[in-house]
Structure formats: C-alpha cells, structure tokens
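In: Prediction below, plus the sequence it came from.
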Amino acid sequence: MADAEELYTESELQGHSKLILCIEEQINGSSVDIDNRLFIGWDRDRQLYFIKGKRVDSPRTNFVPYSFTSENKYDIYDFMKFLVDENPVNIILYNYNNLYDKDLSTVTYEFFENLMDRRYELSGYDDDRLNKKSFFKYLRFLKNIYNT
C-alpha cells in the first residue's frame with residue numbers, strides 16, 4: 001500500500017473516497033479545548049451509520065474509545081446529542097481516500113484521530129450548535145455519496 005503522503009494526492013483514489021463527519025464538543029465555548037470527539041460515517045457494506053468516539057484524555061484520566069452503530073438516523077442523532085448535549089461544537093467534514101480497502105467495522109477511533117489532517121478536510125465550522133435538521137442533512141451526505 002502507498003505511504004500516507006502519496007494517498008493525499010493520488011488521483012486514481014478519488015473514486016474510493018469516503019466522507020467522514022467529525023464533531024468535537026467544546027469545553028466552555030472554546031473551539032480549541034475539546035471534551036469529546038466523534039467520527040461519524042456510513043458503512044455501505046453493512047448498511048449502517050457508525051460513530052467512533054472518545055472523550056479527550058485529561059491529565060488525570062485516559063478515556064476509553066466507544067463505538068455505536070445503527071441503520072436508523074434518529075438513533076445516531078439521539079446518541080450524538082446525548083454525548084454533546086447543547087454544548088457548542090466544531091463540525092469538520094473529511095474526505096478520506098485511504099479507506100477503500102478497509103472493513104469499516106474494524107476501523108478504530110485512533111485511525112480517524114491520527115489522520116485529522118488538513119489535506120483530508122473539506123470544510124469545517126467552529127462554535128456551531130447542531131440541530132436535528134442540519135444533522136440529518138449531514139448524514140444524508142455521508143450516505144448518498146455511495147448510492148449514486
């Protein structure tokens with residue numbers, strides 16, 4: 001497999017890209033101080049949405065990653081909303097071209113976290129508040145890119 005540097009610009013991999021939504025829960029309204037980070041995507045093979053997440057480690061606590069899957073967008077929204085509540089969030093849409101040969105059920109939180117790179121970033125918004133309507137729109141992006 002090509003090294004990470006080659007994957008960013010390899011044009012033949014563009015057709016294998018997968019959109020991944022990253023939601024970061026802010027601490028005290030600071031877009032750089034993050035409490036919780038979630039990566040959300042669509043697993044076409046299993047026809048499920050997935051969340052891979054983790055609370056950001058603190059000086060006293062190393063948190064354990066978590067995973068959640070559902071075919072139902074309402075379940076994904078409820079789980080995400082339970083985690084971030086009404087806190088401000090950063091929303092980042094990534095376009096990973098290095099997932100084409102991966103079984104998404106086995107991809108870990110650390111995989112996504114280690115590749116939080118500007119070269120994969122399509123767009124990002126800080127200090128946002130997610131509502132159901134906008135969140136469902138984002139989920140539709142993740143799912144529909146694979147059904148066209």
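Out: Good, I have the coordinates. Residues are numbered from 1 along each chain as shown.

In: Helices of the protein, start to end?
Out: Remark: helices assigned in the chain by DSSP state H are 4-9, 73-84, 109-114, 132-144.

In: Redo the ones you listed as TSV? Include mean neighbour count.
Out: Where C-beta positions appear, they are placed from N, C-alpha and C, glycine not excepted. As requested, the helices of the chain are exported to TSV (neighbours: other Cβ atoms under 10 Å):
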stretch	mean neighbour count
helix 4-9	12
helix 73-84	16
helix 109-114	16
helix 132-144	14
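
In: Of those helices, which is nearest Glu24?
Out: Closest of the helices of the chain to Glu24 is helix 73-84, at 8.7 Å (criterion: Cβ to Cβ).

In: Between helix 132-144 and that closest one, find me the angle.
Out: Interaxial angle, helix 73-84 versus helix 132-144 (axes from the mean of the first three to the mean of the last three Cα atoms, to 10 degrees): 120 degrees.

In: got CSV for the helices of the chain, with distance to Ile20 and mean pLDDT too?
Out: As requested, the helices of the chain are exported to CSV (distance: least, Cβ to Cβ, whole Å; pLDDT from 0 to 100):
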stretch, distance to Ile20, mean pLDDT
helix 4-9, 14, 53
helix 73-84, 13, 95
helix 109-114, 6, 93
helix 132-144, 8, 90
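
In: Of the ones you listed, which is nearest Asn36?
Out: helix 73-84 (5.6 Å).

In: low pLDDT regions in this protein?
Out: The model of the chain has pLDDT under 70 over residues 1-16, 29-31, 145-148.

In: Please look at Met116 and Ile20 and confirm they touch.
Out: No - using Cβ atoms under 8 Å, Met116 makes no contact with Ile20, being 10.0 Å away.
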